[in-house]
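In: after the sequence you'll find the predicted model.
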Amino acid sequence: MTLASEWTKLVTLRSTYVILGLSILLSVAVTALLAIIVGATWSEWTAAEREEFHPILISTGIGLIVAGILLVVLGVRTVTSEYSTGMIRTTLTATPARAGVLAAKVTVVAGVSLAAGLTAGVATFAAGQAIFAAYGLETASLVDGETLRTLLASSLIAPVLPLIGLALGFVLRSTAGAITAVLSLIFAPVVLYPLLPEWWQDNVLGYFPAQAGDAIAIGHIPEAGVTEPGTGMAIVALAAWLAVFGAVAHVAFTRRDA
Amino acid sequence: MSTAADTAGTTRGGHTIEAQALSKRYGHTVAVDDLSFVIRPGVVTGLLGPNGAGKSTTMRMILGLDHPSAGSVSVDGSSFPGLAAPMSEVGALLDAGGVDGRRTAYRHLLWLARAGGIPRSRVDEVISEVGLSSVAGKRIGGFSLGMSQRLGIAAAILGDPRTLLFDEPVNGLDPEGIRWVRRLLRGLAAEGRTVVVSSHLMSEIEQTADHVLVMGRGKLVADASIGELTREGPTTTVRVVSPDAIELREAMLAAGADVTEDANGAMITTGIDAAGVGELAAARGLRLHELTPQRARLEEAFFELTEGSVEYQAAAAEEGR
């Protein structure tokens, strides 16, 4: 019943549809722009650069990051909008078992992110390949094993960052605070990468959520240049991130006053 | 009046709410201080106190929203979050509203209904019961305070609960709405439910509650029926009219009473009850034309009880200017 209630909360807000629509539209738009840039500048690419071109990478790269950030906003808002309006007290009067409320929110956000991630993945892939084909470049087929694995993996990891956002929503109770915290977690390794020694690059930064996610989604494509961590270790890392944030959210939610 | 119980077909009695040495501190601020009380079903219990007395905090602790710093509060012997079907056990209207203004009234009640496994038809029922049918499809954000209160009351009665907590329910309501809330609360209590209503307005509690818990600065300063509170106040006075006023006055002063005179020339005595005055007069053969115990109104009793326990008094506020 808590699950039905959380689902109803999500689908009765216009902002849910706006965020989901934008996540698909913007990810397709960004991917299309990148693909057009590639097509238009292809004649200037060197042989070595052309060697590194892979039709799947462009279509599951930046575009999905845009979708991912919007889904983080969705995950954060399912919690923080209840604190900013005081609705959390109505929720907990109706369903006082807090662990159940947390589990229901996790389930709803994970399900919606998974579906949105898959939709955005297929849409950006289709847009990217259509544009590459129009420029006469190499394209990938949707039913190709490499493509299917990439789309499946990128959909499966799509809920990770929104769920971390949801957890941070319970801890910080602030939309801006929780979104900033997740963005820091996404971009800190990118910023730190050139500043830290190689050991850190290989053994620490690669295990951050977004980087471990990349390793799972595109690590199997040699042209992606992702060497560490391997898929298995990256899955362990993501599971550990989720477990830690889930535990912290559980403690914050159950011990503190609503 | 149609109430929730009519549709349910059965009326189950309310819970007994019991607080034992309940305390809540926020940092250095003590919001609720060593509160012990028993709230019983079948009557309207008023929680009366000035703003900042700890009424809302007490209600939040009953609902398990805030955790007590010390002591405990139970609903039929167990903590509220432990109850099996919470929405059919306890319904609440909390002061802050607790709604997302972006949803329509209907959709707000719909998610709540889903939380309690309550059928959609019940949502339509409570919407019409609180008089919001014409605005059910409108966003809550545009509601007046009175409409928001009605929506909050609809949410509280949605699960047909055995116990209802209403924090300042008449805030923002028009006179017709206030009368409606009073009838609703009385009706719910008459069905055997436990009804708790808080207010900082003495007149409001006086008109709705049967039993009153008076709070001041987090402490319980009185736990009594309305009758007891207005009858046995220490300020109870007796109005005496007698053609033999001079002799009677001396007799009363000799008996240790204080005597003043009101604008109409009647004597107002304190420190002696009506029976005492009658005995004095009879013993001396003095004539009495009027002998009226002046019941202290709840308002006076309230001021007296909470004097010194009000967080900010007018005098202190004046000094601060």
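Out: Perfect, thanks for sending it. Numbers count the residues shown, from 1 in each chain, chains lettered A, B, ... in the order given.

In: what's near enough to touch B:Ala245?
Out: For B:Ala245, the contacting residues are B:Met267, by Cβ atoms under 8 Å, 6 or more residues apart in numbering or on different chains. Just so you know, the C-beta spots here come from the backbone N, C-alpha and C atoms, and that holds for glycine as well.

In: tell me how far it lies from chain A.
Out: Distance, B:Ala245 to chain A, by Cβ to the nearest Cβ, to the nearest Å: 60 Å.

In: now do the SS call for B:Leu291.
Out: strand (DSSP: H, G, I helix; E, B strand; the rest coil).

In: residues in a beta bridge with it, which ones?
Out: With DSSP bridges as the criterion, B:Leu291 is bridged to B:Val240.

In: any idea how far chain A is from it?
Out: Using Cβ to the nearest Cβ, B:Leu291 is found at 52 Å from chain A.

In: kindly report the same for B:Ser121.
Out: B:Ser121 is 16 Å from chain A, by Cβ to the nearest Cβ.

In: any idea which element that residue lies in?
Out: Using DSSP states H and E, B:Ser121 sits within helix B:120-129.

In: and that helix, how far out from the chain middle?
Out: Mean-position distance between helix B:120-129 and its chain equals 27 Å (Cα atoms, centre = their mean, to the nearest Å).

In: buried stuff in that helix?
Out: For helix B:120-129, the buried set under the neighbour-count rule, 16 or more other Cβ atoms under 10 Å in any protein chain shown, comprises B:122-123, B:125-127, B:129.

In: just stretch A:13-32 next, same as before
Out: Under 16+ other Cβ under 10 Å, the buried positions of stretch A:13-32 are A:13, A:16, A:19-20, A:23-24, A:26-28, A:30-32.

In: show me what from the stretch 151-300 of chain B comes close to chain A.
Out: Neighbours of chain A within the stretch 151-300 of chain B, by Cβ under 8 Å from any Cβ of the partner chain: B:155, B:159.

In: tell me the contacts of the residue of the stretch 151-300 of chain B found nearest chain A?
Out: Using Cβ to the nearest Cβ, the single residue of the stretch 151-300 of chain B nearest to chain A is B:Ala155, 6.7 Å away. Neighbour list for B:Ala155: A:90, B:91, B:93, B:108-109, B:112 [criterion: Cβ under 8 Å, 6+ apart].

In: so B:Glu247 touches B:Leu288, yeah?
Out: No: counting by Cβ atoms under 8 Å, B:Leu288 is not a contact partner of B:Glu247; they are 11.8 Å apart.

In: just the buried ones from the contacts of B:Ala155, in PyMOL syntax?
Out: Selection of buried members from those for PyMOL, criterion 16+ other Cβ under 10 Å:
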select buried, (chain A and resi 90) or (chain B and resi 91+93+108+109+112)
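
In: circling back: out of the buried residues of stretch A:13-32, which are close to chain B?
Out: Answer for these near chain B (Cβ under 8 Å from any Cβ): A:Leu13.

In: tell me which of the buried residues of stretch A:13-32 is nearest to A:Ser84?
Out: A:Leu13 (13.5 Å; Cβ to Cβ).

In: chain neighbours aside, what residue packs nearest to that closest one?
Out: Closest residue to A:Leu13 apart from its sequence neighbours, by Cβ to Cβ, 6 or more residues apart in numbering or on different chains: B:Arg102 at 5.8 Å.

In: can I take it that that neighbour is in a helix?
Out: No: read with three-state DSSP, B:Arg102 is coil and lies in no helix.

In: what is the neighbour count of it?
Out: Applying other Cβ atoms under 10 Å in any protein chain shown, we find 16 residues neighbouring B:Arg102.

In: list the contacts for B:Ala115?
Out: Contacts of B:Ala115 (Cβ under 8 Å, 6+ apart): A:1-2, A:4-5, A:91, A:94-95, B:87.

In: quick one: it from B:Phe143, how far?
Out: Plainly put, B:Ala115 is 21 Å away from B:Phe143 if you go by Cβ to Cβ, to the nearest Å.

In: just the helices in chain B please.
Out: In chain B, the helices defined using DSSP state H lie at B:4-8, B:55-62, B:86-89, B:105-115, B:120-129, B:145-157, B:175-190, B:202-208, B:226-231, B:245-254, B:274-284, B:298-306, B:314-319.

In: any chance of TSV for the ones you listed, columns mean pLDDT?
Out: Shown next, in TSV, are those (pLDDT from 0 to 100):
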stretch	mean pLDDT
helix B:4-8	42
helix B:55-62	96
helix B:86-89	94
helix B:105-115	97
helix B:120-129	97
helix B:145-157	95
helix B:175-190	95
helix B:202-208	87
helix B:226-231	76
helix B:245-254	91
helix B:274-284	90
helix B:298-306	67
helix B:314-319	44
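
In: which of the helices or strands spans A:Ala127?
Out: Judged by DSSP H and E, A:Ala127 forms part of helix A:98-134.

In: what does whichever helix or strand comes after that helix contact?
Out: Next along the chain after helix A:98-134, taking DSSP H and E as the criterion, comes helix A:145-157. Helix A:145-157 is contacted from outside by A:56, A:60, A:64, A:114, A:117-118, A:121-122, A:125, A:140-142, A:213, A:216-218, A:220-221, A:238, using Cβ under 8 Å, 6+ apart.

In: who are the packing partners of the next helix or strand after helix A:145-157?
Out: Next in sequence after helix A:145-157, counting helices and strands by DSSP H and E, comes helix A:160-172. Contact here means 3 or more Cβ pairs under 8 Å, 6 or more residues apart in numbering or on different chains; DSSP states H and E; on that basis helix A:160-172 packs against helix A:62-85, helix A:98-134, helix A:175-192, helix A:209-218, helix A:231-255.

In: circling back: verify the contact between the residue nearest to A:Leu13 and B:Gly141 for me.
Out: Yes: under the criterion of Cβ under 8 Å, B:Arg102 makes contact with B:Gly141 at 6.4 Å.

In: what parts of chain A come near chain B?
Out: Going by Cβ under 8 Å from any Cβ, the residues of chain A near chain B are A:1-2, A:4-5, A:7-9, A:12-15, A:81-82, A:85-98, A:255, A:257-258.

In: what is the nearest of the buried residues of stretch A:13-32 to chain B?
Out: Nearest member of the buried residues of stretch A:13-32 to chain B, counting by Cβ to the nearest Cβ, is A:Leu13, at 5.8 Å.

In: who's in contact with that closest one?
Out: A:Leu13 touches B:100, B:102-103, counting by Cβ under 8 Å, 6+ apart.

In: now the residue nearest to the spatial centre of chain B: how far from chain A?
Out: The centroid of chain B falls nearest to B:Gly46 when counting by Cα atoms, centre = their mean (2.2 Å). For B:Gly46, the distance to chain A (Cβ to the nearest Cβ) stands at 21 Å.
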